[in-house]
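Sequence first, predicted model second:
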Amino acid sequence: MTPSSHPSHPSPWYTHPAARRRPLLKTHPLARQQAPSSPAFEIPKPHPTEQHIASSHSLWQRLNSLEEGVDGSHAPGSSLQTGANRWLIPYADILTLLLCLVMMLFALSNQHNLRLEEQNQALQKQIVQQQTDSALNMVAQAAESTPPAVDGDELSEALEESGLLQAETGVNLTKDERGTVLSLPEKLLFSPGEAQLSPGAAKTLDHIAQALKKLPHHIRVEGHTDHTPIATPRFPSNWELSTARATHILRYLAKQHGIAPQRLSAVGYGEFKPIANNSTIEGKQKNRRVDIVMVDPSGVTERHSRLSD
């Protein structure tokens, strides 16, 4: 038998490797109390002392208390006794914190909305106040700049002194929605079918201009004809004829009497605004006319408001 081979039974000179690694076990008191028949390579187990037993018992109690809960107050059989659902406690704490955060954000958002609403109401009040003040200022300025209504009696007296309001002249002074209207028949100003002022027209217009210069109102000259058609190279229709007559009177008032051009305007209506029946000679004579209108500012404002509505 070679020295490296293991014997089938223990020999006096053979020592187990475990015994060689732990030589102190041979001198242990418990090892000396072991029976001589035990193998030399077995490690004897130490007997537990009372202190060891008490320490082990305390350790197991602590482990059991951790499984049952923090203080061991949970009833047996509960879900927390086994320790499988111990994550519910921190999870519930997190949910509580999140709920508090949401409630705080909701309260802050409500306060922000209330501030925005208050600012919006204050801004609306300021805008309304500014609009009201602006409207009042415009009304006050319009009242200051608006000329008074035409005094028909004063104008009538001035025209009567000049002899224009006599019955044989055919001049009429009336008032309608346009304002105060001075109607002049064709025979006082023009020859039939012509737009140039007649020799006697200057005297008539001079008397009228003296009365108009005293008034601050806008003056509109309107030309009218009867329904008799006209077709000449200069006047293809009654529109051109009526407009040319109104324009000649307007230029005479501005150049000869210095009435501001900003106060003057001319318009031609042709035969489309008659005041009498064109089937008679007298009716045609009344329709061939020139109206000098002293525009009423209140009437203009009223018409503009109706158009805007």
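It's in.

can you map out the helices along this protein?
Ranges of helices in the chain, per DSSP state H, are 17-21, 29-32, 50-68, 88-145, 152-162, 201-212, 238-257, 281-287, 297-308.

Buried residues in stretch 268-278, which are they?
Under the neighbour-count criterion of 16 or more other C-beta atoms under 10 Å, stretch 268-278 has 268, 269, 270, 271, 274, 278 buried. No exception for glycine: its C-beta is placed from N, CA and C like everyone else's.

Keeping just the C-alphas, turn it into PDB.
These are the backbone C-alpha positions of stretch 268-278, laid out as PDB (Å, rounded to 0.1, in the frame of the first residue of the first chain):
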ATOM      1  CA  GLY A 268     -78.400 118.000 -59.700                       C
ATOM      2  CA  TYR A 269     -81.600 115.900 -59.500                       C
ATOM      3  CA  GLY A 270     -82.900 116.400 -63.000                       C
ATOM      4  CA  GLU A 271     -86.600 115.600 -63.400                       C
ATOM      5  CA  PHE A 272     -86.700 113.000 -60.600                       C
ATOM      6  CA  LYS A 273     -87.700 115.200 -57.600                       C
ATOM      7  CA  PRO A 274     -90.800 117.200 -58.900                       C
ATOM      8  CA  ILE A 275     -93.000 119.200 -56.600                       C
ATOM      9  CA  ALA A 276     -95.900 119.600 -59.100                       C
ATOM     10  CA  ASN A 277     -97.600 117.600 -61.900                       C
ATOM     11  CA  ASN A 278     -95.600 117.800 -65.200                       C
END
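
related to what we said a few turns ago, got the buried residues of stretch 268-278 as TSV, with distance to residue 190 and pLDDT columns?
What follows is those, written out as TSV (distance: C-beta to C-beta, whole Å; pLDDT from 0 to 100):
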residue	distance to residue 190	pLDDT
268	13	94
269	16	94
270	15	92
271	15	93
274	18	93
278	18	91
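
Can you report how many residues lie near residue 132?
Neighbourhood size, residue 132 [other C-beta atoms under 10 Å]: 10.
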